[in-house]
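**Q** just need the structure, nothing else, for what follows:
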Amino acid sequence: DCEALIVPDGARVMSLQDGTSKMSKSAENDNSRINLLDPPNVITKKIKKCKTDNGFEGLEWDNPERPECTNLLTIYQAVSGKSKEEIGEEVKDMNWGTFKPILAEAIVAHLSPIQDRYHELMNDKPYLYSVLREGALEANMVADDTLSKARTAMGFFQFDEMDES
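**A** A predicted model of the protein is given here:
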């Protein structure tokens, strides 16, 4: 069964390049987001390069002057399963050089089962084709029913319905 991976506090994840803009798969800069299929080395590189702030001691939540900090902590909360309080205590004395590898590792660990399942499915061509075939058959049945109802509503009929007498 599927279950949502979005935590309420992290429902809106912001860009890695601008903590005030929503993360988007359509953004031109690939470094602005983590893609589900990014390999671990790419995730680590993106986190290492993501925008952060300077001139502050420690890391903290919800400081309006630190949107990137709040964003990265929110991502960490979403992938680690830790509470805001636990994370606040964990990172309060950290700098970015200490925190970014921890964040990257947590993201990699969180995405690993998703990536593993994706690769497993993509490598099982008979299963994929059976799912596609089954979906196409179901879609055709629905489409045929809809088309039949539309023809009836418009007064059209099938030739096999014509009475030759």
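**Q** list the contacts of the nearest residue to I75 once chain neighbours are set aside.
**A** Nearest non-adjacent residue to I75, counting by Cβ to Cβ, 6 or more residues apart in numbering: V13, 6.0 Å away. For the C-beta atoms, the positions are set from N, CA and C on the backbone; glycine is no exception. Applying Cβ atoms under 8 Å, 6 or more residues apart in numbering, we find V13 in contact with K22, M23, N71, T74, I75, A78.
**Q** could you dump those into CSV with secondary structure, distance to V108 and pLDDT added?
**A** Below are the contacts of V13 laid out as CSV (DSSP: H, G, I helix; E, B strand; the rest coil; distance: Cβ to Cβ, whole Å; pLDDT from 0 to 100):
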residue, secondary structure, distance to V108, pLDDT
K22, strand, 23, 88
M23, coil, 17, 85
N71, helix, 18, 92
T74, helix, 17, 93
I75, helix, 12, 94
A78, helix, 14, 93
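**Q** which pair in these spans the largest distance?
**A** Maximum pairwise distance in the contacts of V13, criterion Cβ to Cβ, is 14.4 Å, between K22 and A78.
**Q** ok, now which ones touch the residue most central in space within the chain?
**A** Centroid-nearest residue in the chain: L36, 6.2 Å away (criterion: Cα atoms, centre = their mean). Counting by Cβ under 8 Å, 6+ apart, L36 makes contact with L111, I114, Q115, Y118.
**Q** is the last one in contact with L37, as I believe?
**A** Yes - the pair Y118 / L37 is scored as a contact, 6.5 Å apart, by Cβ atoms under 8 Å.
**Q** show residues contacting stretch 53-61.
**A** With Cβ under 8 Å, 6+ apart as the contact definition, stretch 53-61 has outside contacts at 63, 65-66, 68-70, 72-73, 84, 87-88, 91-96, 99.
**Q** kindly recompute the last result at 7 Å.
**A** R66, E68, C69, T70, L73, K84, G88, V91, K92, D93, M94, F99 (Cβ atoms under 7 Å, 6 or more residues apart in numbering).
**Q** try stretch 94-105
**A** Here stretch 94-105 makes contact (Cβ under 7 Å, 6+ apart) with I43, T44, I47, K48, T52, G58, L59, L72, I75, Y76, V91.
**Q** mind telling me the two of those residues farthest from one another?
**A** Among the contacts of stretch 94-105, I43 and G58 lie farthest apart (Cβ to Cβ), at 24.1 Å.
**Q** what about these two, which has more around it?
**A** Ranked by neighbour count (other Cβ atoms under 10 Å), I43 and G58 place I43 first, with 19 against 12.
**Q** against E28, how distant is that one?
**A** 19 Å (Cβ to Cβ, to the nearest Å).
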